[in-house]
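K.L.:
From the sequence below, what's the structure:
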Amino acid sequence: MPKILIADALDPYGLDLLAKAGAEIRIVGSEERGRLLELIADVDALVVRSATKVTAELLRAGKQLKVVGRAGVGVDNVDVPAATELGILVVNAPTANLTSATEHSLALLLALARQIPAADASMKRGEWDRKTFLGVELEGKTLGVVGFGRIGQRVAERAKAFGMEILASDPFLDAGVARRLGVELVSMDELISRADALTLHTPLTAETKNVISRERIFAMKPGALLVNCARGGLIDEDALLEALNAGRIGGAAFDVYVEEPPKDRRLAEHPRVVATPHIGAQTREAQERISEETAHMLLAALGGEMPAAAVNLPFRPTGARGEPYLKLGERLGRLASLLLGGAPQRLDVELWNLEEALRHPLAIAVLKGVLAPALGDGVNYVNAERLAESRGVEVVRTTRTAPADDPHRVSVRLSGGGKSVEVDGALFGDGEARVVRFGGYRLEFRPEGKLLVLENRDVPGVVGKLGTLLGAAGVNIADIHLSRRDGGEALAVLRLDQAVEPATFEQLAAQPEVLRAKYVDLEAR
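P.N.:
Residues are numbered from 1 along each chain as shown. Have a look, this model is predicted:
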């Protein structure tokens, strides 16, 4: 009989499901929260919401811990890498609050457009002030949806019922899919300049942090409305406060914040802001679904099945042997995605001399790496194929046989927007992942860290010039890998100790010998 520790409040529906399955349930009372390290020692599963921080220390204290259930979508409060290292599965409830989050986004937009909170407060003060609360209609306006996944698509569908035109910006949404959904797919900057209202539905990653930057805030249409029910950190809050004070935009509505609860109350208390305390999932229906979904995931994991909502590695295809190949696949996919720099439309994965048990998991690992720069923790080994399908990414897996002396190789070709990236990788020694072919060049390097990739004319002095420019910018070269091919072209892949600032990169790319240049940071999240 499994023992399950419930550290945060969970709807009774899920608790009943666990009890009926024969689980021994221990609910942590408020007076016991300081004893979590002690209470977790002999349990098989831990259930948390957002209040409990599941640190590496807490995970290590769970000597029998097999699974952590996050009753909700985000896993920001769970040390997922530490859980994976300890062999602890992390599951969440990714679909339970879709309707609630969607409806709350529309509720905030309507409240903002019609100044409902301020008008209500005025009435409660005994006033009757009709002239002050002049609102705007949504019909005929343009709604810009940043991040067109499951929630973004639902918001767009409902906004159409109000007569709104929909623009979408999502680096992983194919234009054909957008057309089928009846929305116009545009660049982020075009969306910013055209939208009368803007709603965010993207995860917080290294690429999306402050995606609504100062420049973009001040490029918004005068009087535009901004809604964020996704994640704190997507908006430059200082710049937004400045724009609100200047009357540059019509208003903003927030359910999420960089710091929760926010210590800096200037935005929450601003007269042009509608603020709620992260209640997007706080409906009776969502809480019941979250509880139910979490319970099902826990029971599946504890029963040895593969939960549909596993956040970290949900299977080990051939035990320890399979793990290095999965890591290789993710690295190659991530590298190809960052180098492509746009929405992928097709992923070809060729598997050379690899045994049957590794093929499907390895192809999924590559796909997970491809999607991760845009989707962050929202993509895992279980949902990667479904997410790719929803974004119109075609995935083709091919098995190849090469001479016996050829390594077990993974070939990745990622294409989209008229561009393509080709990269091959293999394992060496004790499982070290290396790139072995790159865009037609033969060379070896480790797909990790900060990489500067330069294709140049094969003439003397290029490497020295690059080193001089990087040195002047305070950037140290950790290692360098060179290759050339017929036709007078060469390739240099430099691993760097420091990040390359945009001005330095532009200077490098502008050198007459440089044909193409790209800088990627494979460790950025």
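
K.L.:
From here on, just use CA atoms for contacts and neighbour counts.
P.N.:
Will do.

K.L.:
distance between the ends of stretch 310-322?
P.N.:
One end of stretch 310-322 to the other measures 18 Å (C-alpha to C-alpha, to the nearest Å).

K.L.:
Would you map the helices across the stretch 351-500 of the chain?
P.N.:
Secondary structure of the stretch 351-500 of the chain (DSSP state H, counting those that start in this stretch): helices at 356-375, 384-390, 462-472.

K.L.:
per-stretch mean pLDDT over the ones you listed, give me the minimum one.
P.N.:
Within those, confidence is poorest for helix 384-390, with a mean of 85 (mean pLDDT).

K.L.:
Please work out which of the helices of the stretch 351-500 of the chain is packed deepest.
P.N.:
Mean neighbours per residue, mean count of other C-alpha atoms under 10 Å, is largest over those for helix 356-375, with a mean of 23.

K.L.:
just to revisit the earlier point, export the helices of the stretch 351-500 of the chain to a markdown table and tack on distance to residue 161?
P.N.:
Compiled in a markdown table, the helices of the stretch 351-500 of the chain are given as follows (distance: least, C-alpha to C-alpha, whole Å):
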| stretch | distance to residue 161 |
| --- | --- |
| helix 356-375 | 28 |
| helix 384-390 | 22 |
| helix 462-472 | 54 |
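
K.L.:
Looking at those, which is nearest to residue 163?
P.N.:
Nearest of these to residue 163, taken as C-alpha to C-alpha: helix 384-390 at 24.8 Å.

K.L.:
Now do the closest one: which elements does it pack against?
P.N.:
Judged by 3 or more C-alpha pairs under 8 Å, 6 or more residues apart in numbering; DSSP states H and E, helix 384-390 is in contact with helix 356-375.

K.L.:
ok, and what's touching the helix it packs on?
P.N.:
With contacts defined as C-alpha atoms under 8 Å, 6 or more residues apart in numbering, helix 356-375 is touched by 171-172, 202-203, 205-208, 317-318, 322, 325-327, 329-338, 347, 349, 351, 378-381, 384-385, 388, 397, 412, 525.

K.L.:
where do the strands sit along the stretch 101-250 of the chain?
P.N.:
Listed in chain order, the strands of the stretch 101-250 of the chain (DSSP state E, counting those that start in this stretch) span 142-146, 165-169, 184-185, 197-200, 225-228.

K.L.:
Let me have those strands in CSV, extended by mean pLDDT.
P.N.:
Listed next are those as CSV, based on pLDDT from 0 to 100:
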stretch, mean pLDDT
strand 142-146, 98
strand 165-169, 97
strand 184-185, 95
strand 197-200, 98
strand 225-228, 98
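
K.L.:
Relative to residue 392, which of the ones you listed is closest?
P.N.:
Residue 392 lies closest, by C-alpha to C-alpha, to one member of the strands of the stretch 101-250 of the chain: strand 184-185, at 13.0 Å.

K.L.:
List the strands paired with the closest one, with their directions.
P.N.:
As defined by DSSP bridges, the strand partners of strand 184-185 come to strand 165-169 (parallel).

K.L.:
What lies in contact with the partner strand?
P.N.:
For strand 165-169, contacts defined as C-alpha under 8 Å, 6+ apart pick out 140-148, 156, 159-160, 178, 183-188, 191, 195.

K.L.:
Same question for stretch 175-182.
P.N.:
Residues outside stretch 175-182 that contact it (C-alpha under 8 Å, 6+ apart) are 168, 184-185, 390-392.

K.L.:
which residues does residue 103 contact?
P.N.:
Applying C-alpha under 8 Å, 6+ apart to residue 103 gives the contacts residue 155.

K.L.:
ditto for residue 477
P.N.:
The neighbours of residue 477, taking C-alpha under 8 Å, 6+ apart as the test, are 467, 470, 494-497.

K.L.:
mind checking pLDDT for it?
P.N.:
94.

K.L.:
Give me the distance between it and residue 467.
P.N.:
8 Å.

K.L.:
coming back round to it: out of the contacts of stretch 175-182, who's the most crowded?
P.N.:
residue 168 (27 neighbours; other C-alpha atoms under 10 Å).

K.L.:
For residue 149, see how far away it is.
P.N.:
From residue 168 to residue 149 the distance is 10 Å (C-alpha to C-alpha).

K.L.:
Residue 240 is in contact with residue 217, isn't it?
P.N.:
Yes - at 6.6 Å, residue 240 counts as touching residue 217 under the criterion of C-alpha atoms under 8 Å.

K.L.:
Can you check the pLDDT for residue 379?
P.N.:
For residue 379, the pLDDT comes out at 79.

K.L.:
before we move on, what about residue 405?
P.N.:
For residue 405, the pLDDT comes out at 65.

K.L.:
need the next SSE after the helix or strand bottoming out on mean pLDDT in the chain, C-terminal direction.
P.N.:
Using mean pLDDT, DSSP states H and E, strand 317-320 stands out as the lowest-scoring helix or strand of the chain, at a mean of 52. Sequence-wise, the next helix or strand downstream of strand 317-320 (DSSP states H and E) is helix 322-340.

K.L.:
Show me whatever sits in contact with both of residue 168 and residue 149.
P.N.:
Taking C-alpha under 8 Å, 6+ apart as the contact rule, residue 168 and residue 149 touch no residue in common.
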